[in-house]
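Student: I would like the atomic coordinates for the input below:
(one chain, ligands or ions: 1)
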Amino acid sequence: LQERGGNNSFTHEALTLKYKLDNQFELVFVVGFQKILTLTYVDKLIDDVHKEFRDKYRNEFQQKGTLGLLNGTFDFKDDFLRLLRDAEESSKVRAPTVMKTFEQSLKSQKTVKCMIETRGEKPKEKVKNKKSKGSKKEGTEAVAAPGKAPAGDKQSPAAGDREELTKDEILQKNREEFFRRHMKAGEKSSKSPKPEAQKEKGKKPRVWDLGNSNAKVLDYSNSATNGSAEACPVEEFDPDIALGDRNREPGRLYDLEYESDDEAEEEKVIPNPSKPSAKKGGLGGMFGMLKGLVGSKSLTRADMDPVLEKMKDHLIAKNVAAEIAVQLCESVAKKLEGKVMGTFTTVTSTVKQALQEALVQILQPQRRVDVLRDVMDAQRHRRPYVVTFCGVNGVGKSTNLAKISFWLIENGFSVLIAACDTFRAGAVEQLRTHTRRLNALHPPESHGGRTMVQLYEKGYGKDAAGIAMEAISYGRWGKRQRGDAGCGGTSCLRVVSSARNQGFDVVLVDTAGRMQDNAPLMTALAKLIAVNAPDLVLFVGEALVGNEAVDQLVKFNKALADHSMAQTPRLIDGIVLTKFDTIDDKVGAAISMTYITSKPIVFVGTGQTYCDLRSLNAKAVVAALMKA
Ligand code: GDP
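Tutor: Prediction:
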C-alpha cells in the first residue's frame, strides 16, 4: 500500500483496498472491496470508523500505549456494522442525483477571469473553489450539488475540523495555510532591514516565470500533460500568485521561514511565572495546569514526569515518530534530573527549554553539507560534482531534482541530469520536460552560449548503474576519455552537446523509486552508488509521514550497507524533505529523520514550482514543533 506513495488506494486483481493512517495512535484502517463495485461511501465509512474507533479507545491508547492493546480484543463489531449501515444508507439517499446540464451548473456562470486565482482572493473563497474542484473527481453527485452536501458528510467539512476532511482537502488546506504564513512572513520581513544581498547595486526584482505556487506546474502525473510542450506554464504566469518571491535574489537558497505565533509570549514564560494561567497558544498554554514554581529545589523525575508525558504526546501529535518522542523526552529527563532550578523558573519552562535545545541540536548535525562550496571544489579539480537521489515512489525525487537544478543554474553551474529511473513509465519524459523548461528559463544566450542543463537518457529497461556511469563520463570536463568508450561512439548521444570541452559542473542522478523492503531493487541501488561513487547521496522523503519516514530511512541505509560490496559502504549523506507545504505545523518528520540518521536536511521542498526550495532553519522548525 505504501508503495503507492501518497495514494491511499491500491488495486490488486479483483480487489481494491483503501486505507487511512492515524499517525498519532499508530493505527491503520483498511477497507477491502470488489473493485467492480462502485462504492461511493468508502471514504465516509473509513473516516467514520476511524473517528469512532479512536474516540472509543482513546483512553486505552493514551494510558497503556498501543502495543499493550495489540493482543487485546476490541468490542467494535456492532459499532462497525452500524457505521457500515449508515454509510450505505447515506449513499442510497444521494444515489439518484441527476447530473446537471452545463447551463444549470455554477461553472456556466463563471467567466474565465474569475476562475483564475488572484492573490487578493479571500482564503474562504479559495477553499470553496478548491473544494468544488476536488468534488468533481468524486463523481456526478458531487457536481450536482456543489457546496450543498448534507451536514456530517465529508463533502461539507465543518470549518477547522481536519478530521472531517479528505486527504486531498487536508493537503490543499495545509498548503494554503503554509503560503498564507509564508506571505505574511514575507510582508513582515520586508519591513525589517533588507538583507545585505538585496541592497546590492544593480539587482532588479526578478519575475519568477514558474512562480505559480498553486498551479500544478511541476506535476506530470497526469498523462495528458506528461512531457507535452502545451503543459509549459510560462504563458500562464501570473505575477500576483508568484509566492511573494519577485524580490528574491536569484540563486539564493532561502531559509525556511516559519511564523511562530507565540514566540513573544514564550519568552515571557520564564521571567514571568506570576502568570500561571498561560496565554492561549504555546506549550505554556498546554501545560499551564502543570506549571508550578519549584524555587531553588533540585528537579526530580517525579516533578518532570507529567510535563514530559504531555510533551511526548505533543511531539507525537506533531508527527514525530512515537519511539523517537519517547527517547527525546527520556534524554531531556536525564539531562535535567538533579538540576537546581532558579527561583523564578517553572518545571514546564525548564523542561521545555531543554527539549527545544535538544531539538535544535538534532536538526543541526555535525556535518553540514554545503553543496555550492563542494561543487566549486569539484570544479577546481575539473570534474563534475555528482549527486544521487533515492527514495520511495512519489515522494518528489524528480520534482525536487529539477528544483535543485534550477537553483544550481541560477548559481551559474551547468547541470547534466542522468535519467536512471529506467523503470517507471513517464519518468524520462518527466525529466525531459523539466530540462526543456529549465532551458527555456535559462537559454544559452543568457549564459554566454553555454547550455545550462541537459538530459542524459537511454530510455527504459536498461541498467541504471551503467547509465549513471555513462552520464558521469559524459559530463566530464576536457577531452572525453573514458566517456567516449563508455558511450560507444555517438550511439548514446541523444543529448546534443554544445559545450563538450567545458563539461558539466554537476551531474544529478535520478533513480527509480523503490520500497525499502525490496531487496533486489535495494541491491541495485547499492550497486549504482558503489560503482559511481557520487559526491552526495540524498534521500528524498516526504514530510507528510511520521514513523514511516524513519522506517524508510533506516532500511535504505541498512540496505546500502548490506548490499554494498565495499568495505566501507556509502550510506545516505543527507536528506531532501519534500512537501513541507502540505503539513502545516506537523513538522515532526524533520526531527525523526535527522534524529535517526544524524544526517542533515540539505533541502526542503515547499511546493511544486522551481522556486519552492529552501534550506532548513532549525529554529523555525522547532518553533513550529513547539507551537500548541
Ligand atoms: P518521484 O516519483 O519521487 O519522482 O516524485 P515526483 O517528483 O514525480 O513527485 C510526485 C508528486 O509530488 C508530484 O505531483 C509533484 O508535483 C509533487 N511534489 C513534489 N515535491 C513537492 C513539494 O515540495 N510540495 C508539494 N506540494 N508537492 C510536491
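
Student: Buried ones in the helix or strand encompassing residue 357, by neighbour count?
Tutor: Assigned by DSSP states H and E, residue 357 belongs to helix 347-363. By 16 or more other CB atoms under 10 Å, the buried positions in helix 347-363 come out as 347-356, 358-359, 362-363. For every residue, glycine as well, the C-beta is placed using N, CA and C.

Student: Contacting the ligand as well, which ones from those residues?
Tutor: Residues of the buried residues of helix 347-363 in contact with the ligand (CB under 6 Å from any ligand atom): none.

Student: what's the spacing between the residue nearest to residue 575 when sequence neighbours are not counted and residue 558?
Tutor: Closest residue in space to residue 575, ignoring its immediate chain neighbours: residue 601 at 4.7 Å, by CB to CB, 6 or more residues apart in numbering. Distance, residue 601 to residue 558, using CB to CB, to the nearest Å: 20 Å.

Student: Neighbour count: the two, which is higher?
Tutor: Legend: neighbour count by other CB atoms under 10 Å for residue 601 and residue 558, higher for residue 601 (28 against 13).

Student: show me what contacts the more buried one?
Tutor: 363, 574, 575, 576, 577, 590, 593, 594, 616 (CB atoms under 8 Å, 6 or more residues apart in numbering).

Student: how would you label residue 455: helix, strand or coil?
Tutor: Taken by DSSP: H, G, I helix; E, B strand; the rest coil, the conformation at residue 455 corresponds to strand.

Student: my guess is it contacts residue 432, does it?
Tutor: Yes: using CB atoms under 8 Å, residue 455 is in contact with residue 432, at 5.7 Å.

Student: higher neighbour count, the two?
Tutor: Each of residue 455 and residue 432 has its neighbours counted (other CB under 10 Å); residue 455 has more, 22 against 18.

Student: Excluding residues flanking it in the chain, which one is nearest that one?
Tutor: Spatial nearest neighbour of residue 455, excluding adjacent residues (CB to CB, 6+ apart): residue 435 at 4.4 Å.

Student: Check residue 44 too.
Tutor: residue 87 (5.1 Å).

Student: now do residue 319
Tutor: residue 588 (3.3 Å).

Student: That neighbour: neighbouring residues, count only.
Tutor: 29.

Student: Next: residue 578.
Tutor: Using other CB under 10 Å, residue 578 has 27 neighbouring residues.

Student: what bridges to it?
Tutor: residue 542 (DSSP bridges).

Student: Residue 591 belongs to a helix?
Tutor: Yes: assessed by three-state DSSP, residue 591 belongs to a helix.

Student: rewinding a little: pick out whichever of the buried residues of helix 347-363 sits closest to the ligand.
Tutor: residue 363 (18.3 Å; CB to the nearest ligand atom).

Student: If I follow the layout properly, that closest one ends up in contact with residue 623?
Tutor: No: judged on CB under 8 Å, residue 363 makes no contact with residue 623 at a distance of 11.5 Å.

Student: Name the residues contacting each of these two.
Tutor: Common neighbours of residue 363 and residue 623 (CB under 8 Å, 6+ apart) do not exist.

Student: Any stretches of the stretch 51-200 of the chain with poor pLDDT?
Tutor: When residues are selected by pLDDT under 70, those of the stretch 51-200 of the chain lie in 64-72, 93-200.

Student: Pull out the buried positions in stretch 417-430.
Tutor: Here stretch 417-430 shows 417, 418, 419, 420, 421, 422, 423, 426, 427, 428, 429, 430 as buried, counting by 16+ other CB under 10 Å.

Student: Repeat that for stretch 367-375.
Tutor: By 16+ other CB under 10 Å, the buried positions in stretch 367-375 come out as 369, 371, 375.

Student: The residues you listed in helices, which ones?
Tutor: Assigned to helices by DSSP state H, the following of these qualify: 371, 375.

Student: Specify which member of the buried residues of stretch 367-375 is nearest to the ligand.
Tutor: Relative to the ligand, the closest of the buried residues of stretch 367-375 is residue 371; by CB to the nearest ligand atom it sits at 17.7 Å.

Student: who are the neighbours in contact with the closest one?
Tutor: Contacts for residue 371 were tallied using CB under 8 Å, 6+ apart; they are 385, 387, 408, 536, 602.

Student: Scan those and report the most crowded one.
Tutor: Going by other CB under 10 Å, residue 387 tops the contacts of residue 371 with 27 neighbours.

Student: Bridged to that one, which residues?
Tutor: The partner residues for residue 387, given DSSP bridges, come to residue 508, residue 536.

Student: can I assume residue 540 sits in a helix?
Tutor: No: counting by three-state DSSP, residue 540 falls outside a helix, being strand.

Student: Spit out the contact partners of it.
Tutor: 389, 390, 391, 395, 396, 397, 400, 575, 576, 578.

Student: Could you find the closest non-adjacent residue to it?
Tutor: Nearest residue to residue 540 in three dimensions, chain neighbours excluded: residue 391, at 3.7 Å (CB to CB, 6+ apart).

Student: Phi, psi for that neighbour please.
Tutor: Per-residue torsions, residue 391: phi 160, psi 180 (degrees, to the nearest 10).

Student: Let the chain start at 29 from now.
Tutor: In the new numbering, first residue 29, that becomes residue 419.

Student: OK, contacts around it?
Tutor: For residue 419, counting by CB under 8 Å, 6+ apart, the contacting residues are 425, 541, 567, 568, 569, 580, 584, 604.

Student: same thing but at 7 Å, please
Tutor: Counting by CB atoms under 7 Å, 6 or more residues apart in numbering, residue 419 touches 425, 541, 567, 568, 569.

Student: Need the buried ones from the contacts of residue 629 selected in PyMOL.
Tutor: To isolate the buried members of the contacts of residue 629 in PyMOL, using 16+ other CB under 10 Å:
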select buried, resi 391+602+603+604+605+618+621+622+644
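
Student: would you list the buried residues of helix 375-391 in JSON lines and tack on pLDDT?
Tutor: Output for these, formatted as JSON lines (pLDDT from 0 to 100):
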{"residue": "375", "pLDDT": "87"}
{"residue": "376", "pLDDT": "89"}
{"residue": "377", "pLDDT": "88"}
{"residue": "378", "pLDDT": "90"}
{"residue": "379", "pLDDT": "91"}
{"residue": "380", "pLDDT": "91"}
{"residue": "381", "pLDDT": "90"}
{"residue": "382", "pLDDT": "92"}
{"residue": "383", "pLDDT": "93"}
{"residue": "384", "pLDDT": "91"}
{"residue": "386", "pLDDT": "91"}
{"residue": "387", "pLDDT": "93"}
{"residue": "390", "pLDDT": "90"}
{"residue": "391", "pLDDT": "90"}
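
Student: Which pair in those residues has the greatest spatial separation?
Tutor: Spatial extent of the buried residues of helix 375-391 (CB to CB) is set by the pair 375 and 391 at 24.7 Å.

Student: quick one: low-confidence ranges for the chain?
Tutor: In the chain, residues with pLDDT under 70: 29-36, 92-100, 121-275, 286-324, 371-372, 394, 506-530, 574.

Student: Is residue 285 in contact with residue 648, as I believe?
Tutor: Yes: look at residue 285 against residue 648 with CB atoms under 7 Å: they come within range, at 6.0 Å.

Student: These two - which one has more neighbours?
Tutor: Between residue 285 and residue 648, counted using other CB under 10 Å, residue 648 has the larger neighbour count: 19 against 16.

Student: Which elements pack onto the helix or strand harbouring residue 333?
Tutor: Element membership of residue 333 [criterion: DSSP H and E] is helix 329-345. Using 3 or more CB pairs under 7 Å, 6 or more residues apart in numbering; DSSP states H and E, the elements in contact with helix 329-345 are helix 310-314, helix 350-364, helix 375-391.

Student: for residue 633, what are its contacts?
Tutor: Taking CB under 7 Å, 6+ apart, we find residue 633 in contact with 424, 428, 431, 604, 605, 606, 607, 608, 640, 641.

Student: if you set the cut-off to 10 Å instead, what comes out?
Tutor: Applying CB atoms under 10 Å, 6 or more residues apart in numbering, we find residue 633 in contact with 246, 423-424, 427-428, 431-432, 568, 570-571, 604-610, 640-642.
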